[in-house]
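Undergrad: structure of the sequence below:
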Amino acid sequence: MLKKLKTDIKPGDTVRVHQIISGFNTDKEKTQIFEGIVLAHKHGKEPGASITVRGVIDGVGVERIFPLHSPLIKQIEITKRAKTRRAKLYYLRQAKGKRAKLKTKAVSEKVFQEEAPIKEKPKKETPAKEK
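TA: Numbering: from 1, shown residues only. Okay, the predicted model is just below:
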């Protein structure tokens with residue numbers, strides 16, 4: 001099932017991706033957040049669409065590829081948008097210092113958010129008044 005995206009994710013956006021991580025031997029699930037800059041967006045609005053996100057963790061650059069329509073992706077939020085002149089920002093892998101900076105503006109919007117199932121509360125039966 002395809003997710004309905006409210007806005008497009010573009011290269012240069014700084015995003016926070018909330019991904020569900022499940023335990024191997026348990027039924028427990030937890031949400032892991034990965035934050036970074038989108039280097040590439042591939043396959044447009046197809047079911048196989050994906051984004052490549054690069055983040056720096058403890059001084060080490062880490063890249064992850066997230067399928068947009070995966071059921072394990074719980075939420076994606078865009079925190080900043082940057083002005084770019086390229087469709088793929090792979091040059092940021094080697095760039096250092098001033099060359100690695102993008103002109104950004106702060107934005108706070110959610111691309112999509114998985115909605116929790118609504119649980120209906122059982123209605124309490126009120127006893128009829130006796131006269």
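
Undergrad: how much space between the nearest residue to residue 7 once chain neighbours are set aside and residue 57?
TA: The shortest distance from residue 7 to any residue other than its chain neighbours is 5.8 Å, reached at residue 111 (CB to CB, 6 or more residues apart in numbering). Just so you know, the C-beta spots here come from the backbone N, C-alpha and C atoms, and that holds for glycine as well. According to CB to CB, to the nearest Å, residue 111 and residue 57 sit 22 Å apart.

Undergrad: quick one, which of the two is more surrounded?
TA: residue 111 (21 against 10; other CB atoms under 10 Å).

Undergrad: residue 53 versus the more buried one, what's the distance?
TA: Look at residue 111 and residue 53: by CB to CB, they are 13 Å apart.

Undergrad: just want the most central residue of the protein.
TA: Residue closest to the average C-alpha location in the chain (CA atoms, centre = their mean): residue 76, at 2.3 Å.

Undergrad: which secondary structure elements does the lengthiest strand in the chain sit against?
TA: Of all the segments assigned as strand in the chain under DSSP state E, the longest by residue count is strand 29-42. Secondary-structure packing of strand 29-42 (3 or more CB pairs under 8 Å, 6 or more residues apart in numbering; DSSP states H and E): strand 14-22, strand 50-57, strand 60-67, strand 73-83.

Undergrad: export the ones you listed to TSV and tack on mean pLDDT and distance to residue 34?
TA: TSV is the format used below for the helices and strands packed on strand 29-42 (pLDDT from 0 to 100; distance: least, CB to CB, whole Å):
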stretch	mean pLDDT	distance to residue 34
strand 14-22	92	5
strand 50-57	94	6
strand 60-67	94	6
strand 73-83	91	10
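
Undergrad: can I get those in TSV with distance to residue 107?
TA: Converted to TSV, those look like this (distance: least, CB to CB, whole Å):
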stretch	distance to residue 107
strand 14-22	9
strand 50-57	16
strand 60-67	19
strand 73-83	5
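
Undergrad: what is the least confident helix or strand in the protein?
TA: Counting by mean pLDDT, DSSP states H and E, the weakest-scoring helix or strand in the chain turns out to be strand 103-113, with a mean of 76.
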